[in-house]
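Novice: Whatever this is, show me its structure:
(one chain, ligands or ions: 1)
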Amino acid sequence: MCGIVGYIGHRTALPLLLNGLKRLEYRGYDSAGIALPHGEGLYIVKHAGTVAQLESMLNGLDLPATVGIGHTRWATHGEPIDRNAHPHTDASGRLAIVHNGIIENYATLKAKLQEDGYAFRSDTDTEVLAVFIGALYEQYGDIELAVRTALSEVQGTFGLVVLSADHPDILIAARRGSPIVIGVGNGEYIVASDATAIVEYTRSVFYLTDDELAILTRSGCQTKTIDDIPTSAELLELEFDLERIEKGGYPHFMLKEIHEQPETFRDACRGRLLAHEGNIKLGGLRSVEQTLRRANRLILTGCGTSWHAALVGEYWIEELARLPVEVEYASEFRYRNPVLSPDDVVVAISQSGETADTLAAVREAQMRGATVLGIVNVVGSSIARETHAGVYIHAGPEIGVASTKAFTSQLAILMLLALYLGRMRHLSATQAQEIAAEMLRLPDKIQTILSRGDFIQDIARSYAHATNFLYLGRGVNFPIALEGALKMKEISYIHAEGYPAAEMKHGPIALIDENMPAVVIAPRDELYEKVLANIEEIRARRGKVIAIADENDPDIAAVANHVIPIPRTLPLLTPVLTVIPLQLLAYYTAIERGCNVDMPRNLAKSVTVE
Ligand code: F6R
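Specialist: Coordinates of the predicted model:
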């Protein structure tokens, strides 16, 4: 949430900052701003609106500075209006900061500063931090000491960059709980809240850890803790290409990422699925193999779409490994008093690897002595680093705010995990071979569904005026009903709810009339007949049914208003296919309603606040 970029080097900073902000805009997009040294002071432009608008406000200005900071905001404290946009300055206006996260004790600090005569212009916690650092700088005359002292007194989370007109040859970056990655070039550094703002300039990066500070100058970088203990940075190579963060001819990142799924699903399985042997190789779990052998229970945790993947994983792992699984919202797990034994294994699932609730659940589980694994997309992210072991999903950067390709890649890894745990227990090589062989066929089957986009768009057109949608599925497709409903509501703003199909008669059926479209997931599995009966119940009340069903299924065609066909696969693997039309249905419905699918209102990618 919120994007941060900072630059110090030999290039003109402004174009680089604006470019970085455009790359980061998916992380928060209600306001944008920059600060650069100019003359004797700082030049700051910020506004509630897009980076493109900010760019046009700066058009034609001669701002040659080779250092600067920028921010794109997702509002936490204070509504999205110009004065709440970042950068924020201290009382002198000579020190500016951009900040992600939340300063929890901002009200206390603000009251103290007000007593000392400081005034505030915004409603934000960030301005309080800026004024606090400025006040300490006035006192000590040492910018680094002022930053360190302020940060040791604040409670909450921060990823931030400080720029001072008195020290235009220094940028100070710091982190606690909100990611900061620093790109290392030749005599230049680019600081950002994620690597997408850096990759086109350098692939060499390091990540700050919690309570760590980087003091960046053109001639070098020093890292230390906020208590002034020197640290050493470990340089990493970014693994993705620039084209992975560009639209590549698609109108939206979301559509591009939906279409990438045959490839990303294949990538998740590559080198791990030994189909001929019926075995799974997960290098990232080697160090915990014995723990997994004797595990009594798995707890899968995550938020949103990742939580839905966990629900599918529960079915798979229980079915194939006969190992009890519980699924917990990370946001609930962290505040409960969970009963954990040393033989429990907690698996945190997160695309970004930075979701605050999931990270807190990881820490809680570790504190209670459980082994904690991560299923994560972003390499080097906090969850990836803080878990004992884990598996990367390798889906490449996901820019569309609504998660799509990360979901199917999470499913790929969860199925690999189910087979891996199963083979350690009762699953025969023959059973594993059958599933593994079918997994290798799934990318082509996803492709077949994608080729039906126009047909799905036609259905979307017919229902784009609806105000409610019901999504129904059973068994392993119940979580897909939840995921379909989430996709619909987050990008089209149509209220949508997912239910296990059989639950409909326990309440939701009251909603059904001719204006209520119901999306029913009905592959031919052991519950097919029951789902067919649910469809009849909807039709008897004049509800409209869009069925997701196997190709050439005459029975469903006779009862549903529309059938979106999916290629046949093993019943257990159907979620990988049934979710694809639901992603497309949500996408085309949102387009039909004129919504900005890549930047849905109120949302932001990577929820790094509670
Ligand atoms: C929905 C969506 C969110 C995320 C959730 C967890 O489309 O993207 O629900 O799934 O915020 O994010 P990660 O997976 O990054 O932990």
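Novice: The nearest residue to residue 90 once chain neighbours are set aside and the ligand, how far apart?
Specialist: Closest residue to residue 90 apart from its sequence neighbours, by Cβ to Cβ, 6 or more residues apart in numbering: residue 134 at 2.3 Å. Using the backbone N, CA and C atoms, a C-beta is placed for each residue, glycine as well. To the ligand, residue 134 is 34 Å away according to Cβ to the nearest ligand atom, to the nearest Å.
Novice: list the contacts for residue 251?
Specialist: Contact analysis of residue 251 by Cβ atoms under 8 Å, 6 or more residues apart in numbering lists nothing.
Novice: switch to 10 Å and redo it
Specialist: 591, 597, 598 (Cβ atoms under 10 Å, 6 or more residues apart in numbering).
Novice: Show me what from the chain comes close to the ligand.
Specialist: The chain comes close to the ligand at residues 302-306, 350-352, 355, 358, 402-403, 486, 490, 606-607, as judged by Cβ under 6 Å from any ligand atom.
Novice: Strands - which of those land there?
Specialist: Judged by DSSP state E, strands contain the following of the residues of the chain next to the ligand: 302, 350.
Novice: of the residues of the chain next to the ligand, closest to the ligand?
Specialist: Closest approach to the ligand among those (Cβ to the nearest ligand atom): residue 304, at 1.8 Å.
Novice: show me what contacts the closest one?
Specialist: For residue 304, the contact set (Cβ under 10 Å, 6+ apart) comprises 329-330, 350-351, 355, 357-358, 402-403, 407, 482-483, 486, 490, 607.
Novice: May I ask which of the residues you listed has the most neighbours?
Specialist: Neighbour counts for these (other Cβ atoms under 10 Å) peak at residue 350, which has 36 neighbours.
Novice: wait, what's in contact with the closest residue to residue 353 other than its chain neighbours?
Specialist: Leaving aside its sequence neighbours, residue 353 sits nearest to residue 381 (Cβ to Cβ, 6+ apart; 2.5 Å). Contact analysis of residue 381 by Cβ under 10 Å, 6+ apart lists 179, 181, 194-195, 207, 350-355, 359, 374, 392, 606.
Novice: hmm, which of those residues are the buried ones?
Specialist: Buried members of the contacts of residue 381, scored by 16 or more other Cβ atoms under 10 Å, are 179, 181, 194-195, 207, 350-355, 359, 374, 392, 606.
Novice: Would you mind giving the secondary structure of the closest residue to residue 116 other than its chain neighbours?
Specialist: Spatial nearest neighbour of residue 116, chain neighbours left out: residue 135 (7.0 Å); criterion: Cβ to Cβ, 6+ apart. Three-state assignment for residue 135 (DSSP: H, G, I helix; E, B strand; the rest coil): helix.
Novice: Quick check: of the contacts of residue 251, which lies closest to the ligand?
Specialist: For those, the nearest to the ligand is residue 597 (10.9 Å; Cβ to the nearest ligand atom).
Novice: the helices in the stretch 201-350 of the chain, which residues?
Specialist: Assigned by DSSP state H, counting those that start in this stretch, the stretch 201-350 of the chain shows helices spanning 253-259, 261-269, 289-294, 304-321, 330-333.
Novice: Which of those comes out lowest on mean pLDDT?
Specialist: Here the helices of the stretch 201-350 of the chain differ in mean pLDDT, and the lowest is helix 330-333 at a mean of 93.
Novice: which ones are touching residue 410?
Specialist: Counting by Cβ under 10 Å, 6+ apart, residue 410 makes contact with 268, 302, 305-306, 308-310, 312-313, 349-351, 375-377, 391, 393, 395, 403.
Novice: now do residue 102
Specialist: Contacts of residue 102 by Cβ under 10 Å, 6+ apart are 1, 76-77, 125-126, 154-158, 177-178, 356, 608-610.
Novice: List only buried entries from these.
Specialist: Counted by 16+ other Cβ under 10 Å, the contacts of residue 102 give 1, 76-77, 125-126, 154, 156-158, 177-178, 356, 608-609 as buried.
Novice: Of those residues, which pair is most distant in space?
Specialist: Maximum pairwise distance among these (Cβ to Cβ): 18.0 Å, between 1 and 154.
Novice: For the closest residue in space to residue 242 that isn't next to it in sequence, give its distance to the ligand.
Specialist: Excluding its sequence neighbours, the residue lying closest to residue 242 (Cβ to Cβ, 6+ apart) is residue 200, at 5.2 Å. As judged by Cβ to the nearest ligand atom, residue 200 and the ligand stand 23 Å apart.
Novice: What of residue 65?
Specialist: From residue 65 to the ligand the distance is 34 Å (Cβ to the nearest ligand atom).
Novice: what secondary structure does that residue sit in?
Specialist: Residue 65 is classified as coil under three-state DSSP.
Novice: For the closest residue in space to residue 263 that isn't next to it in sequence, what is the enclosing helix or strand?
Specialist: Nearest residue to residue 263 in three dimensions, chain neighbours excluded: residue 443, at 7.2 Å (Cβ to Cβ, 6+ apart). For residue 443, the host element (DSSP states H and E) is helix 429-450.
Novice: Show me what whichever helix or strand comes after that helix is packed against.
Specialist: Next helix or strand after helix 429-450 toward the C-terminus (DSSP H and E): helix 453-463. In this structure, helix 453-463 packs against helix 253-259, helix 478-492, strand 517-522, strand 544-550, strand 562-566, helix 574-592, with contacts taken as 3 or more Cβ pairs under 10 Å, 6 or more residues apart in numbering; DSSP states H and E.
Novice: Point out the most buried one among the ones you listed.
Specialist: Of all these, strand 517-522 carries the top mean neighbour count, a mean of 29, counting by mean count of other Cβ atoms under 10 Å.
Novice: So which of the contacts of residue 102 is the closest to residue 148?
Specialist: The nearest member of those to residue 148, counting by Cβ to Cβ, is residue 154 at 11.2 Å.
Novice: contacting residues for that closest one?
Specialist: Neighbouring residues of residue 154 by Cβ under 10 Å, 6+ apart: 101-106, 109, 125, 128-129, 132-133, 176, 226.
Novice: Now, the residues you listed that are in strands?
Specialist: residue 176.
Novice: Please spell out the PyMOL selection for the buried subset of the contacts of residue 154.
Specialist: Restricted to buried positions by 16+ other Cβ under 10 Å, the PyMOL selection for these reads:
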select buried, resi 101+102+103+106+109+125+128+129+132+133+176+226
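Novice: so can I have TSV of the contacts of residue 154 showing pLDDT?
Specialist: As requested, the contacts of residue 154 are exported to TSV (pLDDT from 0 to 100):
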residue	pLDDT
101	90
102	90
103	94
104	93
105	95
106	95
109	97
125	94
128	97
129	98
132	98
133	98
176	94
226	97
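Novice: Generate TSV for the buried ones among the contacts of residue 102, with distance to residue 464 as supplementary columns.
Specialist: Below are the buried ones among the contacts of residue 102 laid out as TSV (distance: Cβ to Cβ, whole Å):
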residue	distance to residue 464
1	29
76	32
77	35
125	39
126	39
154	46
156	41
157	39
158	41
177	40
178	37
356	34
608	33
609	32
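Novice: List just the nearest of these to residue 457.
Specialist: Among the buried ones among the contacts of residue 102, residue 1 lies closest to residue 457 (Cβ to Cβ), at 31.2 Å.
Novice: still on that earlier bit, using a markdown table, please lay out the helices and strands packed on helix 453-463 together with distance to residue 47.
Specialist: Converted to a markdown table, the helices and strands packed on helix 453-463 look like this (distance: least, Cβ to Cβ, whole Å):
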| stretch | distance to residue 47 |
| --- | --- |
| helix 253-259 | 24 |
| helix 478-492 | 25 |
| strand 517-522 | 40 |
| strand 544-550 | 42 |
| strand 562-566 | 43 |
| helix 574-592 | 26 |
